[in-house]
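# The following comprises the amino acid sequence and a computationally predicted model.
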Number of protein chains: 2
Amino acid sequence: MKNVLKADVNSGILIILRACSRDSIYARLRTVTPKRDRSNDGGRTAPRKGKKPVSLKELAEHLGLAPATVSLVINRSSVADSIPQETKDRILAAARKYKYRPNFFARSLRARRSFTIGVIVPEVSDGYSAHVMSGVEDHLLQEGYFYFVASHRHRADLIDDYPRLFVERSIDGLIAVDTPWTLPLSVPVVTVSGHNQVKGVTNIVLDHARAAEVALQHLTRLGHRQIAFIKGQEFSSDTEVRWANIEKVAGRLGLAITPSLVAQLQGDSPSPQLGYAATVRLLAAHKPFTALFAFNDISAMGAIRALRDAGLSVPKDVSVVGFDDIQSAAYQNPGLTTVRQPLREMGRIAAETLLRRIRRSGSDSHSSETTVEPELIIRETTAPPRQH
Amino acid sequence: MKNVLKADVNSGILIILRACSRDSIYARLRTVTPKRDRSNDGGRTAPRKGKKPVSLKELAEHLGLAPATVSLVINRSSVADSIPQETKDRILAAARKYKYRPNFFARSLRARRSFTIGVIVPEVSDGYSAHVMSGVEDHLLQEGYFYFVASHRHRADLIDDYPRLFVERSIDGLIAVDTPWTLPLSVPVVTVSGHNQVKGVTNIVLDHARAAEVALQHLTRLGHRQIAFIKGQEFSSDTEVRWANIEKVAGRLGLAITPSLVAQLQGDSPSPQLGYAATVRLLAAHKPFTALFAFNDISAMGAIRALRDAGLSVPKDVSVVGFDDIQSAAYQNPGLTTVRQPLREMGRIAAETLLRRIRRSGSDSHSSETTVEPELIIRETTAPPRQH
DNA sequence: AAGCAGTACTAAATCGCTTTACCACAGATT
DNA sequence: AATCTGTGGTAAAGCGATTTAGTACTGCTT
């Protein structure tokens, strides 16, 4: 280990990395939490116990050592190899006793690493983003990273501004969720459901070919031939790829896609209302269909309501398939059949990928795409078409 | 203005505040974004245009001035009053030209302010937290603050650890959402739905008396007398207050609360399953009821399903009232009658309150509670009880 | 001619940590 | 006796800002 560090030109950074991961001073010191500060025990040179944390200098002073020494020992630097264990123990004990915590800014300023990443999403309160974030968070916090969040709400200027502001705050990397991404950034970027090939950007995407396949196969096997579709909004980064794959798979299955049986979601709202409106448009075309494949679960819910309002029964008259498998899909009435995206998993993979890239930045030979598999969840909104 | 600054002992901080708010250098420089860097125009001393940003020193060097001067001018310090406009313009122009951005860590290190706040929630992907966060974010980003998020998932150790880690990262303040809060922290804390009186903590809470009143009044006016209740989990910070108010209001309305008609949510899952199970328990008591007041919309959905599964019709046999008014409440079938909490608004108020307290820390004489009003949203799950 | 008041700046001290390049000394080797 | 080889450290130079306490100069009074 020591030799590795010594041989490695990046040893400085490695050491810091180590200092901030599981077996680090943070972890070790954290476990100690003394019950009560009854520190009348000697030590009149002791750093004052007040609100303010002790600095490295104060700690060193109290120990009668130089700040450099203390820093080296605390960071487990290989330079400190020659320091006797006894001294090291003294230092560590004092650090624990006075709850020494390196000042984060000072450290980051010097090391040029912030252990912070930025996450940009269309909207935090949207289920899709939130689930991805949950996965991202899982991995990041575990690894000692924190993250900033910003919602752009599809405003182009914010999609530009926030990443820039993030970079000004020295993030080590960025994750863009469901956000069109075209620019390379000065830090590693990982997207979730981004589909552009951009230099320095890794995309985590669903296997849309498979998604289209499982959904359409399910419907055709039930006997459906007239299938209507609700396409996503222009701004949604999945819309295009998803649609292309639906067309491809439909072709392969010998299904014709009737243009008047395709409606696109219009407007930017997280409510099922958009799906409702799209379905109303679909019905207005007076072209019969026995199944509907919606862009997501939310729009599927709106669609079901629209179908009901039009006097149609789901699934007897029309089968409906959603997309995503959000929490409430299972508790719709009837339960929604849907293509499940492993959103949390995707978030976790995004975080893992990003940290991996951050860690070996320099020799950053990342692949540009990682694919995850969807799963069809069959519930109660799909059934064979009514015989007539 | 200048005089104010001069007279104010906190002028340093005020200046920084100013420098980071709307009309700051950030805002001003941001608008300029030159189309193309065709800078073959003289200036051989020019800082190199590369990946790395220019530092204050480089900028100063290029201008033939001291870093101090440049810093003072850029921060609009009143000390720079005596500097002629011409020089100021030169400095500002150069800053813009070379896209100068103060290094965030350096600045924070010195100013001991991070313009970052921490937000701790039970779980990001939970609708309640996400909506509050959305409101928090709105206000924070607008004011030039960023935020960290951490989900504790009701683990007591994490509820302890994360705030501490946040503080180590020098957050300026913390917002705790739906999280039991008992310790004072070294920075201002604002809770959303926290109900403990803790020093240095401001609670943003719903007017639970009013919430109980609107819901129960609605049900009694419809004619309901046998009302069942689903109480929240122990760990939910609203459970206790909400229940106390329900009891109080029930008493005032002359409603008896039958113990066997009260079920408590059990377990930690964001799914309606918990409400389903609670309702099954309620039904097992074989004590008739004509209405059910659930702890939240999610559990109300589960409850509705359980009632259906038991052969009961909603609202004909049993009326159901939810709580929160989450996005999908309106698109349930039938649409869910519920007590709406203005979650986003609460988040926004929390952020406003926190920033206000941060800004006048020192003379921090905050009130310890702010109340917001609920609203009853009547949809289709409530109706008069069946006549028999 | 000395004193004062602006004006236009700047030097230098922090902020708290990291890290490289030493240094002093003891004992072993030539 | 001179040199080498560890030990056990330390001094000091950053990282990139902010901010206080000056300085040097000019022009105007008294």
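Thanks, I have it. Numbering: from 1, shown residues only, chains lettered A, B, ... in the order given.
# What ranges does chain A have for its helices?
Remark: helices assigned in chain A by DSSP state H are A:2-7, A:11-19, A:25-30, A:56-63, A:67-74, A:85-97, A:104-111, A:127-142, A:156-168, A:208-222, A:239-252, A:273-284, A:297-309, A:343-359.
# Would you mind giving these as a markdown table with distance to residue B:276 and mean neighbour count added?
C-beta here means a position set from N, CA and C on the backbone, and glycine is covered the same way. Converted to a markdown table, those look like this (distance: least, CB to CB, whole Å; neighbours: other CB atoms under 10 Å in any protein chain shown):
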| stretch | distance to residue B:276 | mean neighbour count |
| --- | --- | --- |
| helix A:2-7 | 55 | 11 |
| helix A:11-19 | 46 | 18 |
| helix A:25-30 | 39 | 16 |
| helix A:56-63 | 56 | 18 |
| helix A:67-74 | 52 | 19 |
| helix A:85-97 | 49 | 16 |
| helix A:104-111 | 46 | 19 |
| helix A:127-142 | 20 | 24 |
| helix A:156-168 | 40 | 17 |
| helix A:208-222 | 27 | 20 |
| helix A:239-252 | 33 | 17 |
| helix A:273-284 | 26 | 21 |
| helix A:297-309 | 19 | 25 |
| helix A:343-359 | 23 | 22 |
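# what about these, which gets the closest to residue B:283?
Within these, the stretch nearest residue B:283 is helix A:297-309; the backing value is 26.9 Å (CB to CB).
# pLDDT value on the nearest residue to residue A:224 once chain neighbours are set aside, please?
Computed as CB to CB, 6 or more residues apart in numbering or on different chains, the closest residue to residue A:224 that is not its neighbour in sequence is residue A:291, at 4.1 Å. Looking at residue A:291, its pLDDT is 98.
# what does residue A:9 give?
28.
# now swap in residue A:42 and tell me
Here the pLDDT value assigned to residue A:42 is 36.
# about what we covered before: hmm, residue A:383 and the residue nearest to residue A:224 touching each other?
No. Residue A:291 is beyond contact range of residue A:383, at 9.5 Å (criterion: CB atoms under 8 Å).
# Of the two, which one has the most company?
Set residue A:291 next to residue A:383 and count neighbours by other CB atoms under 10 Å in any protein chain shown: residue A:291 wins out with 27 against 20.
# separation between the more buried one and residue B:178?
40 Å (CB to CB, to the nearest Å).
# Specify the beta-bridge partners of the closest residue to residue A:278 other than its chain neighbours.
Counting by CB to CB, 6+ apart, residue A:278 lies nearest to residue A:263, which is 4.0 Å off, once chain neighbours are set aside. Per DSSP bridges, the residues bridged to residue A:263 are residue A:230.
# Next one: residue A:263, what pLDDT does it get?
Note on residue A:263: pLDDT of 98.
# rewinding a little: any chance of JSON lines for the helices of chain A, columns distance to DNA strand D?
As requested, these are exported to JSON lines (distance: least, CB to the nearest atom of the strand, whole Å):
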{"stretch": "helix A:2-7", "distance to DNA strand D": "12"}
{"stretch": "helix A:11-19", "distance to DNA strand D": "11"}
{"stretch": "helix A:25-30", "distance to DNA strand D": "18"}
{"stretch": "helix A:56-63", "distance to DNA strand D": "7"}
{"stretch": "helix A:67-74", "distance to DNA strand D": "3"}
{"stretch": "helix A:85-97", "distance to DNA strand D": "4"}
{"stretch": "helix A:104-111", "distance to DNA strand D": "4"}
{"stretch": "helix A:127-142", "distance to DNA strand D": "25"}
{"stretch": "helix A:156-168", "distance to DNA strand D": "10"}
{"stretch": "helix A:208-222", "distance to DNA strand D": "43"}
{"stretch": "helix A:239-252", "distance to DNA strand D": "40"}
{"stretch": "helix A:273-284", "distance to DNA strand D": "45"}
{"stretch": "helix A:297-309", "distance to DNA strand D": "44"}
{"stretch": "helix A:343-359", "distance to DNA strand D": "19"}
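# nearest to residue B:93, of the ones you listed?
helix A:156-168 (20.0 Å).
# my guess is residue A:210 meets residue A:376, correct?
No. Contact criterion CB under 8 Å: residue A:210 and residue A:376 do not qualify, at 9.6 Å.
# what residues are up against the residue nearest in space to the middle of chain A?
Among the residues of chain A, the one closest to the centroid is residue A:347, at 3.3 Å (CA atoms, centre = their mean). Residues near residue A:347 by CB atoms under 8 Å, 6 or more residues apart in numbering or on different chains: A:131-139, A:175, A:177, A:192.
# between those residues, which is nearest residue A:236?
Once CB to CB is applied, the member of the contacts of residue A:347 that ends up nearest residue A:236 is residue A:177, at 11.5 Å.
# Now residue A:340: closest residue in space that isn't a chain neighbour?
Nearest residue to residue A:340 in three dimensions, chain neighbours excluded: residue A:325, at 3.6 Å (CB to CB, 6+ apart).
# Phi, psi for that neighbour please.
The phi and psi values for residue A:325, taken as degrees, to the nearest 10, are phi 60, psi 60.
# State the number of residues packed around residue A:146.
23.
# quick one: it and residue A:216, what's the gap?
Distance from residue A:146 to residue A:216, by CB to CB: 42 Å.
# again with residue A:262
For residue A:262 relative to residue A:216 (CB to CB), the value is 14 Å.
# Using CSV, list the CA coordinates for stretch A:375-388.
Output of stretch A:375-388 as CSV, limited to C-alpha atoms (Å, rounded to 0.1, in the frame of the first residue of the first chain):
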residue,chain,number,x,y,z
GLU,A,375,-39.5,-5.2,-16.8
LEU,A,376,-43.1,-5.6,-17.7
ILE,A,377,-45.4,-5.5,-14.7
ILE,A,378,-48.7,-7.0,-15.6
ARG,A,379,-51.6,-5.9,-13.4
GLU,A,380,-55.2,-5.2,-14.3
THR,A,381,-55.5,-2.7,-17.0
THR,A,382,-54.7,-5.1,-19.8
ALA,A,383,-56.9,-7.9,-21.0
PRO,A,384,-57.8,-9.5,-24.4
PRO,A,385,-59.9,-7.2,-26.6
ARG,A,386,-63.7,-7.6,-26.5
GLN,A,387,-64.9,-10.1,-29.0
HIS,A,388,-67.5,-8.8,-31.4
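# Show me the shaky parts of the stretch 51-200 of chain A.
Counting by pLDDT under 70, the stretch 51-200 of chain A shows low-confidence ranges at A:51.
# how does it look with 80?
For the stretch 51-200 of chain A, applying pLDDT under 80 flags the ranges A:51-52.
# For it, which residues are neighbours of DNA strand C?
A:55-57, A:67-68, A:71-72, A:74-75, A:77, A:79, A:100-103, A:106-107, A:109-111 (CB under 7 Å from any atom of the strand).
# mind redoing it with 10 Å?
Contacts of the stretch 51-200 of chain A with DNA strand C, taken as CB under 10 Å from any atom of the strand, map to A:52-60, A:66-75, A:77-80, A:82, A:100-113.
# restrict the residues you listed to contacts with chain B.
Filtering these for proximity to chain B by CB under 8 Å from any CB of the partner chain leaves A:101, A:103-106, A:108-109.
# mind giving me a markdown table with the residues you listed and columns for distance to residue A:228?
Below are those laid out as a markdown table (distance: CB to CB, whole Å):
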| residue | distance to residue A:228 |
| --- | --- |
| A:101 | 59 |
| A:103 | 60 |
| A:104 | 54 |
| A:105 | 56 |
| A:106 | 61 |
| A:108 | 54 |
| A:109 | 58 |
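# Just the closest of these to residue B:251, please.
Comparing these against residue B:251 with CB to CB places residue A:101 closest, at 51.1 Å.
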